[in-house]
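[1] Provide a 3D model corresponding to the input given below.
(2 chains)
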Amino acid sequence: VEINGELEILLVEDNTSDAELCLRALKKHNLANKLFWVKDGAEALDYIFATGAYAERNIKNTPNVILLDLRLPKVDGLDVLKRLKSDERTKLIPVVILTSSTEDIDTVKSYKFGANSFVSKPVQFEEFAKVVAEMGMYWLLLNKSPS
Amino acid sequence: MSPYLIVGCLVLAGVFFSIDISIPLGVAGGVPYVAVILASLWGADRNTVIYIALLCSLLTVVGYYISPEGGELWKVLANRFLALFAIWVTAVLGLALKRAEIKIRGLNEDLQRHAQELETANKELESFSYSVSHDLRTPLRAIDGFSRILVDEYSEELDDEAKRLLNIVRKNTRKMGQLIKDVLAFSRMGRKEVSISKVDMEQLVNEVFTGLKEAGHGRTVEVEIKALPKTTGDRAMLHMVIENLLGNAIKFAGTRKDARIEVGGSVEGTENVYYLKDNGVGFDMEYVHKLFGVFNRLHGEEFEGTGIGLAIVQRIIIKHGGRVWAEGKTNEGATFYFTLPA
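    Got it, this is the predicted structure:
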């Protein structure tokens, strides 16, 4: 699969096991070539806005899609989402909420703050792998984002 | 108690007294002192009210005694009988009413506190179920995922026994996942509001049965659905009730060759009574009280299930203001009854 651009996926996930499972699922479909993984909301913001530890990064190099967990250390997932969607530079990056929560309130809040998709992580690995792979395919290959 | 109120009462009493002794026959026979008592009831404590009533009694008697119409004491008392009567009836009745009001206020405060406590408990429960949904699922996914990866990627290094053991791990994580899902469904049901509409129960039961058959359940079971009275209720919730009860009946009767299920109902006064009867494995009436409890199961691993279905059924029926109960006999079948508004 040919992928354009520098970075394709930014994964914001505090749980190492979930991150590894997610990576494996994407790798199976060759979707993990250009994935960057950050472990909390503050790091995610630093990365996207090229501040702090990522000050050297080119801010124009935005990911094609951001996979965002909701419950994160330091800065909460919803707050990251709000920051991204209220900034002209990052507003158009598709954000997929990828969370263990199945609560309606989380879905509603996420969409309200401008999430492009909400995916609840299934407990079983087969389903999880399927969901992650389908999501990767959709956002990287099928979905047409404004350039 | 406000000192201004007492001063006000005394001033008012003084005013009536001065009028009483300065104009002939006093003010309407001294009855306006009742107004002083009424005013004192508006905040003063019991003893102050009684002192003011005593003072008013004294003033009305003394006032008439020293007025030109006065005269001997017995004549004064006879003349002022109604005034004294009015003063003391007002004082005693007023105090009694006040005591009742204080009691009611206390009860109200208790109620308010209880409501507050309940609300807090409810909120805690909500955040608890939120945590369950999020935090308990994450480690479970890791256990299932990594054991699956072991089976997939290291199958050559693992012998059959190791694979069997890993599959047991996975089977149990699946079960745990189902348990969490069910507990969440149960707690969500508790928070959900009932949205009322007319429900055609016969159509609903047929619909559920078709759904179950499509999912591969109950194809060998003979199900007889009789005419069922319509009801009012939350269609989605009642769907869940029927799905659980019919699903159970199919599960527990499905092991028999001549499995039979009968669904019926009738109007009994202001309510409809529905029943689902099966000739399955049944249950011992000794344990009937455990039937509707969360996670309580009367059957072992030979039948799938987490023990939450009937708890959800009960919760929904109670939300509709109905009752649910069951009768059964080991190896002879079970009948579940529930009532809904007619």
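
[2] what sits up against stretch B:277-295?
    Residues from elsewhere that reach stretch B:277-295, judged by Cβ atoms under 8 Å, 6 or more residues apart in numbering or on different chains: B:183, B:186, B:249-256, B:258-264, B:296, B:298-299, B:306-308, B:310-311, B:313-314, B:324, B:326-336. Yep, even glycine has a C-beta here, placed from its N, CA and C like the rest.

[3] same thing but at 7 Å, please
    B:186, B:249, B:252-253, B:255-256, B:259-262, B:296, B:298, B:306-308, B:310-311, B:314, B:324, B:326, B:328-335 (Cβ atoms under 7 Å, 6 or more residues apart in numbering or on different chains).

[4] Now, those that are in helices?
    Cross-referencing those against helices under DSSP state H gives B:186, B:249, B:252, B:253, B:310, B:311, B:314.

[5] near chain A, which of those residues show up?
    Restricting those to those within reach of chain A (Cβ under 7 Å from any Cβ of the partner chain) leaves nothing.

[6] Show me where the chain dips below the pLDDT cut-off.
    This is for chain A. Within chain A, the stretches with pLDDT under 70 are A:1-7, A:145-147.

[7] actually it's chain B I care about, not the one you picked
    Those would be B:1, B:24-29, B:44, B:130, B:133, if you go by pLDDT under 70 across chain B.

[8] Would you mind putting the ones in helices among the contacts of stretch B:277-295 into CSV with distance to residue B:155 and neighbour count alongside?
    Converted to CSV, the ones in helices among the contacts of stretch B:277-295 look like this (distance: Cβ to Cβ, whole Å; neighbours: other Cβ atoms under 10 Å in any protein chain shown):
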residue, distance to residue B:155, neighbour count
B:186, 38, 18
B:249, 41, 27
B:252, 38, 24
B:253, 40, 25
B:310, 41, 24
B:311, 41, 21
B:314, 46, 20
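
[9] my guess is residue A:101 is in a strand, correct?
    No. Under the criterion used here (DSSP: H, G, I helix; E, B strand; the rest coil), residue A:101 is coil, not part of a strand.

[10] ok, it touching residue B:134?
    Yes. Contact criterion Cβ atoms under 7 Å: residue A:101 and residue B:134 qualify, at 4.8 Å.

[11] Now the two most distant members of the ones in helices among the contacts of stretch B:277-295.
    Within the ones in helices among the contacts of stretch B:277-295, two members stand farthest from each other by Cβ to Cβ: B:186 and B:253, at 24.8 Å.

[12] if I look at the nearest residue to residue B:43 once chain neighbours are set aside, how far off is residue B:300?
    Nearest residue to residue B:43, sequence neighbours excluded (Cβ to Cβ, 6 or more residues apart in numbering or on different chains): residue B:5, at 5.1 Å. To residue B:300, residue B:5 is 75 Å away according to Cβ to Cβ, to the nearest Å.

[13] Show me which of those two is the more surrounded one.
    residue B:5 (17 against 6; other Cβ atoms under 10 Å in any protein chain shown).

[14] Chain B contacts on chain A?
    Contact residues, chain A versus chain B (Cβ under 7 Å from any Cβ): A:15, A:17-18, A:21, A:24, A:71, A:100-103, A:121, A:123-125, A:128.

[15] Out of those, which end up buried?
    Among the residues of chain A next to chain B, those classed as buried by neighbour count (16 or more other Cβ atoms under 10 Å in any protein chain shown) are A:15, A:18, A:21, A:24, A:71, A:100-103, A:121, A:123-125, A:128.

[16] Most widely separated two among these?
    Distance extremes for these: the farthest pair is A:24 and A:103 at 26.7 Å, using Cβ to Cβ.

[17] What residues does residue B:178 make contact with?
    With Cβ under 7 Å, 6+ apart, residue B:178 has these contacts: residue B:306.

[18] and it, what element?
    helix B:160-191 (DSSP states H and E).

[19] Run the chain-centre distance for that helix.
    On the basis of Cα atoms, centre = their mean, to the nearest Å, helix B:160-191 sits 32 Å off its chain's mean C-alpha point.

[20] Go ahead and build a PyMOL selection from the buried members of the contacts of stretch B:277-295.
    Buried residues within the contacts of stretch B:277-295, by 16+ other Cβ under 10 Å, are selected in PyMOL with:
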select buried, chain B and resi 186+249+252+253+256+259+260+261+262+298+306+307+308+310+311+314+324+326+328+333+334+335
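
[21] quick one: which of the contacts of stretch B:277-295 sit in strands?
    Members of the contacts of stretch B:277-295 lying in strands (criterion: DSSP state E): B:260, B:261, B:262, B:324, B:326, B:328, B:329, B:333, B:334, B:335.

[22] In JSON lines, list these along with distance to residue B:192.
    JSON lines is the format used below for those (distance: Cβ to Cβ, whole Å):
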{"residue": "B:260", "distance to residue B:192": "34"}
{"residue": "B:261", "distance to residue B:192": "28"}
{"residue": "B:262", "distance to residue B:192": "30"}
{"residue": "B:324", "distance to residue B:192": "18"}
{"residue": "B:326", "distance to residue B:192": "24"}
{"residue": "B:328", "distance to residue B:192": "29"}
{"residue": "B:329", "distance to residue B:192": "35"}
{"residue": "B:333", "distance to residue B:192": "32"}
{"residue": "B:334", "distance to residue B:192": "27"}
{"residue": "B:335", "distance to residue B:192": "28"}
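
[23] Between which two of those is the distance greatest?
    B:260 and B:324 (21.9 Å).

[24] As a check, name the ranges of all helices in chain B.
    B:3-22, B:33-41, B:46-66, B:73-79, B:81-135, B:137-153, B:160-191, B:201-214, B:235-253, B:309-319.

[25] let me fix that: chain A
    Using DSSP H, helices in chain A cover A:16-28, A:41-48, A:77-85, A:104-112, A:125-137.

[26] Mind checking those helices for the one nearest to residue B:319?
    helix A:104-112 (18.5 Å).

[27] what's that closest one in contact with?
    Taking Cβ under 7 Å, 6+ apart as the rule, helix A:104-112 contacts A:70, A:78, A:81, A:97, A:99, A:118.

[28] Give the buried residues for that helix.
    So, applying 16+ other Cβ under 10 Å, buried residues of helix A:104-112: A:106, A:107, A:109, A:110.

[29] and it, how far out from the chain's middle?
    Worked out by Cα atoms, centre = their mean, helix A:104-112 lies 16 Å from the chain centre.

[30] Next one: the residue most central in space within chain A from residue A:131, what distance?
    Among the residues of chain A, the one closest to the centroid is residue A:67, at 1.4 Å (Cα atoms, centre = their mean). Residue A:67 is 11 Å from residue A:131, where distance means Cβ to Cβ.

[31] Tell me how far the residue lying farthest from the centre of chain A lies from residue B:321.
    For chain A, the residue at maximal distance from the C-alpha centroid (Cα atoms, centre = their mean) is residue A:56, at 21.2 Å. Distance, residue A:56 to residue B:321, by Cβ to Cβ: 66 Å.
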